[in-house]
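> from the sequence below, what's the structure:
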Amino acid sequence: MKLVHLKNSDLKVSPICLGTWQFNGNTAGTSMGTWNAQDINVSKKIVDAAIESGINFFDTAEAYLNSEKVLGDILDGSYKSRRSDLVIASKFGFNATPGSNKPVSYTPADIEDSLNQSLRSLKTDYLDLYQVHWPEVMNNVEETVKELKRLQSLGKIRYYGVSNFGPQTLKEFYDFGGEPVSNQLPYSLLWRSIEYEIIPECAKRNLSILAYSPLAQGLLSGKYNDSTSFPNGRRRIRLFNCKSTPLAVHTESGCEDQVFKALGDIKQLLTQLNVCKKSGLDIQDDGDGKEQYGMVNLSLDWILSNLNVGSVIVGASSADQITQICKNASSSLMNTEMKRKLDEITEPIKEAIGNNPDMWFTKSRYK
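Numbering: from 1, shown residues only. Modelled structure (predicted):
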């Protein structure tokens, strides 16, 4: 897998980044039921498969229960001698109490404390990328920028970035002297809200986008044909009716019909174009597997065809999943005509969701 440079940095990262939100240390029901419990041995196999497949980029956060510690134990145990080859990213910022929607407001002292705890959990002396998880976790923007620069000067972080920042908060961060190298944002064929305002702003500032939830939390895996088959915890997102799960915190009716029509149209497009056969890809056939893996790689290629995207953050529940994704990562399924068709198929969803990129809240936390 060919490494790419994050803009305005010397960080060379794989275009596929392993997201470790699912590394929960075998704790079920974390993150409001988004992910099932994942055994630590499974997490280790996923990391092993990722590194063997060419991934050098790992993303975690203090808000992901147990994730930093699980990832740290794995990397320290098997890959300590290769630390300089790996790019480890984490984030500060989380809700005040479990189940609360109120974030902690971080002072400079809080940021340093959080970083030190992350370093201990990850068993490393430095982070390659330290990110502000949400704009609202900053007690004071100017003080936050100064603290990140101070931590950078101490060698505790190589670079810093932001996450979930809209045009207004990006401007404010830059106005106080901030020099982020990335903005981590939700982006997929089924979630294109950042195209309205945020991508143009990032492009103007030459800021790399790290795309999270690139498979719309699994909808683009090709496994789901209706809302009832989709896991309860993941139906919190605004694509689904707020009444579809008691875990939803938005108040909208969603656009489920458009979502599943689009998924059907994408499968049909793959069949019509016979993408897998024409590309000569080595795709595992697992029942309906050719459609499933074809949809996954097509979805990731569509994101990476956007020159503003530096890497896509992909989670996995098994080593086989990450191996298969990486196996075909260098064989792009994308061309101009296919991108146009995919844009056309998913345009009704983009219009229904509008310019609010917040996957979970009706009142956007993006500004």
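> and stretch 153-161, which residues are buried?
156, 157, 158, 159, 160, 161 (16 or more other Cβ atoms under 10 Å). All C-beta spots, glycine's among them, are computed from the backbone N, C-alpha and C.
> before we move on, what about stretch 209-229?
Of the residues in stretch 209-229, those buried (16+ other Cβ under 10 Å) are 209-222, 224, 227.
> center of this protein, which residue is that?
When Cα atoms, centre = their mean is applied to the chain, the residue found nearest the centroid is residue 212 (1.9 Å).
> quick check: beta-bridge partners of that one?
With DSSP bridges as the criterion, residue 212 is bridged to residue 186.
> quick one: residue 353 from residue 258, how far?
In this view, residue 353 and residue 258 are 9 Å apart by Cβ to Cβ, to the nearest Å.
> looking at the two, which is more packed in?
residue 353 (23 against 20; other Cβ atoms under 10 Å).
> for that one, what are its contacts?
191, 192, 193, 238, 239, 255 (Cβ atoms under 8 Å, 6 or more residues apart in numbering).
> can you list the residues you listed in TSV and add secondary structure?
Listed next are these as TSV, based on DSSP: H, G, I helix; E, B strand; the rest coil:
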residue	secondary structure
191	strand
192	coil
193	helix
238	coil
239	coil
255	coil
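> now, which of the residues you listed sits nearest residue 150?
Of all the contacts of residue 353, residue 193 has the smallest distance to residue 150: 34.0 Å, by Cβ to Cβ.
> run through who's touching the strand or helix carrying residue 171.
Per DSSP states H and E, residue 171 falls inside helix 167-175. Here helix 167-175 makes contact (Cβ under 8 Å, 6+ apart) with 135, 141, 145, 162, 165, 180, 183, 197-198, 201-202, 205, 207, 366-367.
> average model confidence for stretch 192-201?
Mean pLDDT, stretch 192-201: 98.
> check stretch 211-223 too.
93.
> how long is it end to end?
21 Å (Cα to Cα, to the nearest Å).
> what does that stretch rub up against?
19, 34, 59, 184-191, 224, 229-231, 234, 237, 239, 259, 263, 266-267, 288, 291-296, 299-300, 303, 309, 311-314, 359.
> and those residues, which are buried?
19, 34, 59, 184-191, 224, 230, 234, 237, 239, 259, 263, 266-267, 291-296, 299-300, 303, 309, 311-314, 359.
> and which of the buried residues of stretch 153-161 is nearest to residue 105?
The closest of these, once distances to residue 105 are taken by Cβ to Cβ, is residue 160, at 18.4 Å.
> does that closest one touch residue 144 like I think?
No. Contact criterion Cβ atoms under 8 Å: residue 160 and residue 144 do not qualify, at 9.5 Å.
> shared neighbours, the two?
residue 132.
> hang on, the earlier thing: could you dump the contacts of residue 353 to CSV with distance to residue 125?
Formatted as CSV, the contacts of residue 353 follow (distance: Cβ to Cβ, whole Å):
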residue, distance to residue 125
191, 36
192, 39
193, 38
238, 40
239, 41
255, 46
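> now, which of the residues you listed sits nearest residue 342?
Of all the contacts of residue 353, residue 342 sits closest to residue 192, with 10.4 Å by Cβ to Cβ.
> mind listing which of the buried residues of stretch 153-161 are in strands?
In strands, judged by DSSP state E, the following of these are found: 157, 158, 159, 160, 161.
> just flag the most distant two among these.
The widest separation within these (Cβ to Cβ) is 10.8 Å, between 158 and 161.
> got any residues that touch both of these two?
residue 129.
> which one of the buried residues of stretch 209-229 is nearest residue 123?
residue 210 (23.1 Å).
> assign that closest one to helix, strand or coil.
Going by three-state DSSP: residue 210 is strand.
> residues touching the residue lying closest to it once chain neighbours are set aside, list them.
Closest residue to residue 210 apart from its sequence neighbours, by Cβ to Cβ, 6 or more residues apart in numbering: residue 184 at 4.3 Å. Residue 184 sits next to 59, 91, 131, 161, 162, 163, 164, 209, 210, 211, 212, 313 when contact means Cβ under 8 Å, 6+ apart.
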